[in-house]
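Peer 1: I would like to see how this sequence folds:
(chains A and B)
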Amino acid sequence: MWEYVRRAAFSVLALFLISFLVFCLTHVVPGSPASVVLDPDTPEEEILEWERDHNLHLPVITQYKIWLLNTLSGDLGESVITERDLAGELADAIPITVEWVGLSFLLAVALGLPLGIISALKPGSWVDHIARVIAITGISVPDYWVGLMLVAFVAVGLGWLPAGGFVPLSSGLGPHLAALVLPVVTLGLHYMAVLSRYTRSSMLEALSQDYVRTARAMGLPPWQVWLYALKNALPPVVNVGAMSFGFSFAHALFIEYVFGIAGLSLALLNAIHELDYPMIQVTVLVITSIFILANLAADLANLALNPKLRKSK
Amino acid sequence: MQNWGIPRRYLLLLHSIGASRTGLFGFCLVSVLALMAIFAPWIAPYEPTQVDMLNRLQPPSWSHWMGTDLTGRDVFSRLIWGARPSLQVGILAVLIGLPGGFAVGLLAGFYRGTMLETILMRIVEIIAAVPLLIVAIAVVGVLGVKPIAMGPFTITNEIKIVVVLGFLYIPGLARVVFAVAAAEATSDYIRARRIQGVRDFTLIVSDILPNCLSVVIVWGTLLTAGGVLAEAGLSFVGLGVQPPDASWGVMLSEARKFIFSGEWWLLFFPGLAISLTVIGLNLLGDALRDILDPRHYTGPRLD
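Peer 2: I've put the predicted structure just below:
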């Protein structure tokens, strides 16, 4: 158990470091945010006053301290471009991203696990070959390209589904889901490939153990042997799965860009293009936090699934 | 057989790659792409940035194998030139990550159980808890895509990406080196060499390091694939190679404007090029892993 407390502590430390790194970067780049926001011919005194309003005249460390205290007390500040409250912007963006990425992950698990298991049960068979081709293609082909092709051929060419955007649930369940299909499939296929690869190798490993040979020799029906092997093959898959869940929030970036979904990643990209430093800072932190939480969940799930770990710790 | 002075073990390695069908396929794909990148000026039928407004948006034909884009540039030529930034970023990022990964992994592995190991591996753990792609995007995004002049040097956007990726590769590489080095450090031959009075530095560099190479070759190949994907992705969202220079990500980003009007060749070929490169590197990496790192092998076949 102590091991997991330690890991949690390191995750928090990592979060601090990232926030500090991004904060410092935004403050060492030449050119003040004032030059982005204010008119080019604003008088010198007004620029200085604007910088004073935003605490930019203080040393970076002091500014970071102020920012950190504010953030910890729940005050995320406001965007320097739109002057909107950042907490409000995040409250709009986070549920969108969580919904569609969550659905795509469910799809990945629902397809990837069976694919990997079937592939491992009949290694060398044509099913295995097809599954492996799908897996290596799925992890190699860039998902945003798959997304673009789907838009070009399924949405525009055939006209079956909307080409992008996010339709809120309030406009009806049908249109809401229709708009989600293509992005969910695009990201889901990628992680289906990742998961099926891990499931296959973990399942093969389990099937090569002595207890499986013993069980077979004892004449147990094949499905029962497979079930025993699966129980032992799952913990590493759960671990990789939870990590992939975290990664998929980073990957979502390209897909939100392709489909124009107004989620977290699109907020980050827009903030980068507008040089909206507070917004960049906050979105990077939120995405990193989700990533770290997913990793922690992986550790905890492993602890629950693997009795060996429970005893030793 | 004449071996032209190539050490025998490299020939054996090539032979083993050839023995695995998928490995051979990956090796061929990667070789073709590497040759394409190196000889781009001689292979490409047109200049990659040569504008030809009379022949814009032409579908694939005999004079333009992959068609032309909005300003009449030849897609095939741009594709060949685009292999350069992709492979450059992929390979250079690994080369930057390697010294760091080796240094950290070897030291922590050799001095296992000491304070040094604890400190190094904790730092590795912290950096590894960070999503690589998002950090790369944030760093490039904040620094801006324009080249930065630093004394006599200009830091182009590509160099920024290479450095950030390379740095973020260090924890992963350090972990695999650490695993091998820690096992080697307690082995009998190292103990024997120690009794002979060999210095720690010599032990690390001339005994343990060579034994880590095979694992590093495997991971280096797989991470190169990651770098190619990262370069293409960053260029796609406008944070990588800057137009008008040719890069597969830039070409896809430009093709995005033509999704609704049906110029499919602008979209299809650059994505195919990225996919084939990454498939090639992944297949080669998998084959190398089976040959060089048998402990990771997915287990013997049962049937």
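Peer 1: Please pull out the lowest mean pLDDT helix or strand from chain B.
Peer 2: strand B:148-150 (a mean of 70; mean pLDDT, DSSP states H and E).
Peer 1: and stretch A:276-291, average pLDDT?
Peer 2: What stretch A:276-291 shows for mean pLDDT is 83.
Peer 1: what about the residue at minimal distance from the centre of chain A, which helix or strand?
Peer 2: Centrality entry for chain A: nearest residue to the mean C-alpha point is A:F249, 1.6 Å, by C-alpha atoms, centre = their mean. Per DSSP states H and E: A:F249 is located in helix A:222-259.
Peer 1: what angle do the helix or strand following that helix and helix A:222-259 make?
Peer 2: Heading C-terminal from helix A:222-259, the first helix or strand you meet, by DSSP H and E, is helix A:264-274. Interaxial angle, helix A:264-274 versus helix A:222-259 (axes from the mean of the first three to the mean of the last three C-alpha atoms, to 10 degrees): 30 degrees.
Peer 1: what residues does helix A:264-274 touch?
Peer 2: Helix A:264-274 has contacts (C-beta atoms under 8 Å, 6 or more residues apart in numbering or on different chains) with A:36, A:79, A:81, A:89-90, A:93-94, A:96-97, A:249, A:252-254, A:256-257, A:260, A:276-277, A:279-280, A:283-284, A:286-287, B:134, B:137-138, B:141-142, B:237-239. All C-beta atoms are positioned from the backbone trio N, CA, C, and that covers glycine.
Peer 1: Can you list the buried residues in stretch A:77-96?
Peer 2: Buried residues in stretch A:77-96, counted by 16 or more other C-beta atoms under 10 Å in any protein chain shown: A:G77, A:E78, A:S79, A:V80, A:I81, A:L86, A:E89, A:L90, A:A93, A:I94, A:I96.
Peer 1: how long is that stretch from one end to the other?
Peer 2: Start-to-end span of stretch A:77-96 (C-alpha to C-alpha, to the nearest Å) is 22 Å.
Peer 1: Same check on stretch B:55-67?
Peer 2: End-to-end distance (C-alpha to C-alpha), stretch B:55-67: 9 Å.
Peer 1: now B:W265, nearest residue through space, not along the chain?
Peer 2: B:G67 (4.0 Å; C-beta to C-beta, 6 or more residues apart in numbering or on different chains).
Peer 1: Hmm, B:G262 and the one you found touching each other?
Peer 2: No. Using C-beta atoms under 8 Å, B:G67 is not in contact with B:G262; the gap is 11.9 Å.
Peer 1: higher neighbour count, those two?
Peer 2: Each of B:G67 and B:G262 has its neighbours counted (other C-beta atoms under 10 Å in any protein chain shown); B:G67 has more, 21 against 11.
Peer 1: name the element residue 27 belongs to?
Peer 2: Went with chain A since none was named. helix A:2-28.
Peer 1: that's the wrong chain, I wanted chain B
Peer 2: Here B:F27 is assigned to helix B:21-38, by DSSP H and E.
Peer 1: Contacts made by that helix with the rest, please.
Peer 2: B:16-18, B:43, B:80, B:83-84, B:86-88, B:276-277, B:279-288, B:290-291.
Peer 1: Please check the contacts of helix A:264-274 and keep the buried ones.
Peer 2: A:79, A:81, A:89-90, A:93-94, A:96-97, A:249, A:252-254, A:256-257, A:276-277, A:279-280, A:283-284, A:286-287, B:134, B:137-138, B:141-142, B:237-239.
Peer 1: residue contacts, B:S253?
Peer 2: Here B:S253 is in contact with B:S235, B:F236, B:V237, B:G238 (criterion: C-beta under 8 Å, 6+ apart).
Peer 1: mind running it again at 6 Å?
Peer 2: B:F236 (C-beta atoms under 6 Å, 6 or more residues apart in numbering or on different chains).
Peer 1: Secondary structure element holding it?
Peer 2: helix B:248-255.
Peer 1: what angle separates that helix from helix A:222-259?
Peer 2: Using the same axes, to 10 degrees: helix B:248-255 against helix A:222-259 is 60 degrees.
Peer 1: counting contacts, what elements does the following helix or strand past helix B:248-255 pack onto?
Peer 2: Counting by DSSP H and E, the next helix or strand C-terminal to helix B:248-255 is helix B:264-292. Judged by 3 or more C-beta pairs under 6 Å, 6 or more residues apart in numbering or on different chains; DSSP states H and E, the packing partners of helix B:264-292 are helix A:126-140, helix B:21-38, helix B:75-110, helix B:209-236, helix B:248-255.
Peer 1: All good on my end, thank you.
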